[in-house]
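Peer 1: Everything below, folded, please.
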Amino acid sequence: QVQLVESGGGLVQAGASLRLSCAASGRTFTGYNSAWFRQAPGKEREFVLAIAWNGQSTDYADSVEGRFTISRDNVNNMVYLQMNNLKPEDTAMYYCAAEIPPWTAWGSHLPGAWEYWGRGTQVTVSS
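Peer 2: Got it, this is the predicted structure:
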């Protein structure tokens, strides 16, 4: 089991930046791939970015490439989502997800492929 807790959300104006954090605990010693998803009201949960357990590979949704970056600190079991030049359409609940070996979710943008989830942190971008 892996437990995930997101933080760092808030209300910002368009063009601003935010950094979200995801703290992991539990069975992290095996290494874990991580991803961020988001869900706006009335919409399906969508993939944003993912980072491999060793930080050597990343995967981005087209909608955020060039504005959002993902990074990790495996010493402290943290994953970060740096969001720059935020737009009103980025408004959503942001969720951290993870998977432990065997790596079956890596490369999938489907929420159902990822095993562990946090409760989310709200990001609201005003115009």
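Peer 1: ok, the closest residue in space to Gln13 that isn't next to it in sequence - how many residues close by?
Peer 2: Sequence neighbours aside, Ser126 is the residue nearest to Gln13 in space, at 5.4 Å (criterion: Cβ to Cβ, 6 or more residues apart in numbering). Using the backbone N, CA and C atoms, a C-beta is placed for each residue, glycine as well. Other residues within reach of Ser126, judged by other Cβ atoms under 10 Å, total 11.
Peer 1: what about Ser126, distance to Gly9?
Peer 2: 14 Å (Cβ to Cβ, to the nearest Å).
Peer 1: Which residues in stretch 49-62 does the neighbour count mark as buried?
Peer 2: By neighbour count on 16 or more other Cβ atoms under 10 Å, the buried set for stretch 49-62 is 49-53, 59-61.
Peer 1: got the contact list for it?
Peer 2: Residues outside stretch 49-62 that contact it (Cβ atoms under 8 Å, 6 or more residues apart in numbering): 31-36, 46-48, 64, 68-72, 74, 79, 81, 103, 106-107, 109.
Peer 1: what's the weakest-modelled helix or strand in this protein?
Peer 2: Least confident helix or strand, the chain: strand 58-60 with a mean of 95, by mean pLDDT, DSSP states H and E.
Peer 1: Adjacent strands (with direction) for it?
Peer 2: Sheet pairing here is set by DSSP bridges, and for strand 58-60 it gives strand 46-51 (antiparallel).
Peer 1: Thank you kindly, that will do.
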